[in-house]
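>>> below is the sequence, then the predicted model.
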Amino acid sequence: MRLLGILFYTAVLVIIGLKMIMVSLAFSFDFLRPQTMTYINNALAFLQNNSNARIILGLSGFLLILVSISLAQVILGKFQREKTIAFKTASGEVTIALTAVEDLIRRITYLIPDVKELRPDVRAHKKGLTVDLRVVLSSEANIPGLTERIEEITKTKMQEVLGLEEKVVVNTHIVKIISAQDKDKRKKDDIQPTIPFSGYGKF
Amino acid sequence: MRKEESVTDLGLIRIHKNVIASIASLAATEIQGVKRIGGDFKSGLMEMMGQKSLSSIKVDTNKNGEVIVDVPVVIKYGYNIPDIAARVQESVRLGLEKMTNLSVKDINVNVQAIERE
């Protein structure tokens, strides 16, 4: 069903794209023959005069919207279901959204002062979890030591909080190293927002 | 929305699914470590439109009349998730059985996010 949905949307978009290219080319190079214009006019006149045709057209449009919404729900539902970690208990199933795991990792990094920003991306697969961390560090930090610490804290906390027994692979990617000055500047910018025309009326 | 029914000598007792959802919601939020009940697309949309928020707790019944409840939750940072989920399941089961006498088959907990206290 998911494949069918993706094929449907791809086909619709390709058809729309091709039609647009054809119309654009036809107008650019004057390919439109008078017969084509007559054919379009006749079709529109037929729609205008024939009530059955109008009803059929309207119903087709409605049906297309319904099919489109159902397919979108199926695709989104499938994608959403895949983005969770699930385990069974005696009372039912527990699913943990991967976004929740990402929230958790983001909180963990407050424990490390040298980490200025962290963007986690968690992927679940049969063998376990893969965590990709995009990290912004301060310039004074010892990178090998710090990354090792980040990976260790992430792994242990995840296993502790989520109760995971599966393997957790943590990949760290340092995207930026900011200096203390940048940090101070950023802080100043954050603290003192400028309000335009705020000085008027003050003596 | 369908209602759960039971027959007594004097007549029929119907419990609306919204009532079951409310009981489940209260029982889940009683647990320390549960910040709030999570939302779904529909409840979020209703909230944005200024409508009273519908509970995002899903209640279903199977052929045997047993209740299946899906509870989306947001958990506070620092708590063990499987432990909290198990406590939510137990609390919801107890709450529903105590207040409605319904037979509960599954309580599916969906942890949607983790938030700071």
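Arrived safely.
>>> is the longest helix along chain B in proximity to chain A?
The longest helix of chain B (DSSP state H) is helix B:81-100. Yes. Against chain A, helix B:81-100 shows contacts by CB under 8 Å from any CB of the partner chain at B:Ile81, B:Pro82, B:Asp83, B:Ala85, B:Ala86, B:Gln89, B:Glu90, B:Arg93. C-betas here are computed from N, CA, C, even on glycine.
>>> show me what that helix is packed against.
Packed against helix B:81-100, as judged by 3 or more CB pairs under 8 Å, 6 or more residues apart in numbering or on different chains; DSSP states H and E, are the following elements: strand A:84-89, strand A:92-97, helix A:143-162, helix B:17-29, strand B:67-76, strand B:104-115.
>>> for the record, mean pLDDT for that helix?
Averaged over helix B:81-100, pLDDT sits at 92.
>>> equivalent analysis for stretch A:116-123, please.
On average, stretch A:116-123 scores 87.
>>> so it, near chain B or not?
No. Residues of stretch A:116-123 are not located near chain B by CB under 8 Å from any CB, the shortest gap being 12.0 Å.
>>> how about a markdown table for the helices and strands packed on helix B:81-100, with mean pLDDT added?
Shown next, in a markdown table, are those (pLDDT from 0 to 100):
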| stretch | mean pLDDT |
| --- | --- |
| strand A:84-89 | 83 |
| strand A:92-97 | 88 |
| helix A:143-162 | 85 |
| helix B:17-29 | 91 |
| strand B:67-76 | 92 |
| strand B:104-115 | 90 |
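>>> A:Arg107: which of the ones you listed is closest?
When those are compared by CB to CB, strand B:104-115 sits nearest A:Arg107, at 6.7 Å.
>>> mind listing what's buried in that closest one?
B:Val104, B:Lys105, B:Asp106, B:Ile107, B:Asn108, B:Val109, B:Asn110, B:Val111, B:Gln112, B:Ala113, B:Ile114 (16 or more other CB atoms under 10 Å in any protein chain shown).
>>> picking that back up, give me the contacts around the longest helix of chain B.
Identification of contacts with helix B:81-100 by CB atoms under 8 Å, 6 or more residues apart in numbering or on different chains yields A:87, A:89, A:91-92, A:94, A:96, A:100, A:161-163, B:4, B:15, B:19-20, B:23-24, B:26-28, B:30-31, B:33-34, B:67, B:69, B:71, B:73, B:75, B:102-104, B:107, B:109, B:111.
>>> top of the residues of helix B:81-100 next to chain A by neighbour count?
B:Ala85 (31 neighbours; other CB atoms under 10 Å in any protein chain shown).
>>> from B:Ser91, how far off is that one?
Plainly put, B:Ala85 is 11 Å away from B:Ser91 if you go by CB to CB, to the nearest Å.
>>> on the three-state scheme, B:Gln32 is what?
coil (DSSP: H, G, I helix; E, B strand; the rest coil).
>>> for whatever helix or strand A:Gly17 lives in, packing partners?
For A:Gly17, the host element (DSSP states H and E) is helix A:2-28. Using 3+ CB pairs under 8 Å, 6+ apart, the elements in contact with helix A:2-28 are helix A:51-82.
>>> pull up the residues of chain A that are close to chain B.
With CB under 8 Å from any CB as the criterion, chain A meets chain B at residues A:84, A:87, A:89, A:91-97, A:99-100, A:103-104, A:107, A:160-163.
>>> show me which of those residues are buried.
A:84, A:89, A:91-97, A:99-100, A:103-104, A:107, A:161-163.
>>> so where's chain A uncertain?
The model of chain A has pLDDT under 70 over residues A:1-2, A:76-82, A:180-203.
>>> can you list the domain ranges for it.
Per the record, chain A has its domains at A:2-82, A:95-189, by automatic domain parsing.
>>> now tabulate those domains in CSV and tack on distance to B:Ile57.
Output for those, formatted as CSV (distance: least, CB to CB, whole Å):
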stretch, distance to B:Ile57
domain A:2-82, 17
domain A:95-189, 14
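>>> can you say which of those is packed in most?
domain A:95-189 (a mean of 16; mean count of other CB atoms under 10 Å in any protein chain shown).
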